[in-house]
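1. Here's a sequence, model it:
(one chain, ligands or ions: 1)
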Amino acid sequence: MKLSFRWYGQDDPISLEYISQIPGMKSIVSAVYDVKPGEVWPRESLAQIKEECQKHNLVFDVVESIPVHEDIKLGRGDVDNLLDVYCENIRRCAEYGVKCVTYNFMPVFDWTRTQLDKKASDSSTSLVMYWDQMKGLDPLKDDIHLPGWDSSYTQDQVRELIGAYDKLGEEGLWKNLEKFLKKVIPVAEECGVKMAIHPDDPPYPIFGLPRIITNEENLDRFLALVDSPSNSLCLCTGSLGCAKSNDIPKMIEKYASKDRIAFMHIRNVKIMEDGSFEERAHLSSCGSLDMYEIVKALCKHGFDGYVRPDHGRMIWGETGKPGYGLFDRALGATYINGLFEACQKNCK
Ligand SMILES: [Mn+2]
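-> Below you'll find the model as predicted:
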């Protein structure tokens, strides 16, 4: 496996120097963050990320993410031009050494939480999604400002988008995803890039919006749309793991054996009685997921893709971007290192 860490570029309060001091750290996961979806990424921006990483003996080889324009997901507007731009961005990333590109196909919102700084009994804070805070919210009637949702949309735009997705439905979204893949995957193959779709977070409908990258049946359907190693998964344990019905080690076993996992996001969540969930420390005993079984399933199939510690808690007084502090993600990285060392030695 190749250990990686997400870095938000020059504005990230966590420096590449600090990241490079985490044992075993090799790859940087980043993106051009100041360009809107549907626009071409300037080569200078990619070159700059690459150079900065090199200065710290790190490699910029994973992109998270190239966002998919809502019109591609909705199949409206100038889709063909938007798809051309998307392909051009893949080519440009490859020119600067990128091997894996993450993206998602979630309508409107990337992820849903009701609170970003829920205090645990040890005074650490983390992101949570509580149903009792969600219930009663109706984006068609109320002005909703959930943390993490794109604040560049006006409430009217959100309502329009929700209406459009409602009309489209799940099958319509599948159709548009297929069109996207048929255009993009051949380009990725050509330039040696693995496209890794991130599952929906959480993996069930929110406010009636269709969600399709959610469970084993749908992952099978997704991978069959274009049967190529370039059409791969970013298997996020914490996203898929929010649904009790998803058996994460079993899913990893299946997709790693077929070489269809390009990228692993490893983190733990605690699922509550009512289906609410809290992001927790990476350790198995801190949440609902068995991290040992997860890593064991990867090692059994000689997994050599990218791995990153996903969201961490805020600990030791650190402040910053929720989920993306240094300390707890670094602890996660060393824990992941330990699990891999043990599992790899056991597999031999
Ligand atoms: Mn993730």
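
2. Give the full set of residues in contact with the nearest residue to Thr112 once chain neighbours are set aside.
-> Using Cβ to Cβ, 6 or more residues apart in numbering and skipping the chain neighbours, the partner closest in space to Thr112 is Ile206 (5.1 Å). Every residue, glycine included, has its C-beta placed from N, CA and C. Residues in contact with Ile206 (Cβ atoms under 8 Å, 6 or more residues apart in numbering) are 109, 112, 134.

3. what's the spacing between the second one and Leu283?
-> Computed with Cβ to Cβ, to the nearest Å, the distance linking Thr112 and Leu283 is 25 Å.

4. pLDDT at Ile197, what is it?
-> Note on Ile197: pLDDT of 98.

5. so where's the stretch 101-250 of the chain uncertain?
-> For the stretch 101-250 of the chain, the stretches flagged by pLDDT under 70 are 144-145, 147-151.

6. can you tell me the residue of it closest to the ion?
-> Ranking the residues of the stretch 101-250 of the chain by distance to the ion (Cβ to the ion) places Cys236 first, at 3.3 Å.

7. Backbone torsions only: list them for that residue.
-> Torsion angles at Cys236 (phi, psi; degrees, to the nearest 10) stand at phi -90, psi 110.

8. How much space separates it from Val29?
-> Taking Cβ to Cβ, one finds Cys236 at 13 Å from Val29.

9. got the residues of the stretch 201-348 of the chain near the ion?
-> Applying Cβ under 5 Å from the ion, one finds that the stretch 201-348 of the chain approaches the ion through 236, 265, 310.

10. what about 6 Å?
-> 236, 239, 265, 310 (Cβ under 6 Å from the ion).

11. ok, and the most crowded of these?
-> For these, the largest neighbour count, defined by other Cβ atoms under 10 Å, is 29 neighbours, found at Cys236.

12. Check whether that one really touches Val269, as I assumed.
-> No - with contact defined as Cβ atoms under 8 Å, Cys236 does not reach Val269; the gap is 10.3 Å.

13. elements contacting the longest helix belonging to the chain?
-> Using DSSP state H to assign secondary structure, the helix with the most residues in the chain is helix 155-190. With contacts taken as 3 or more Cβ pairs under 8 Å, 6 or more residues apart in numbering; DSSP states H and E, helix 155-190 sits against helix 70-74, helix 79-95, strand 194-198, helix 216-225, strand 231-236.

14. Now do the strands in this structure.
-> 2-6, 27-30, 59-64, 100-104, 115-119, 125-129, 194-198, 231-236, 261-266, 268-271, 277-280, 306-309 (DSSP state E).
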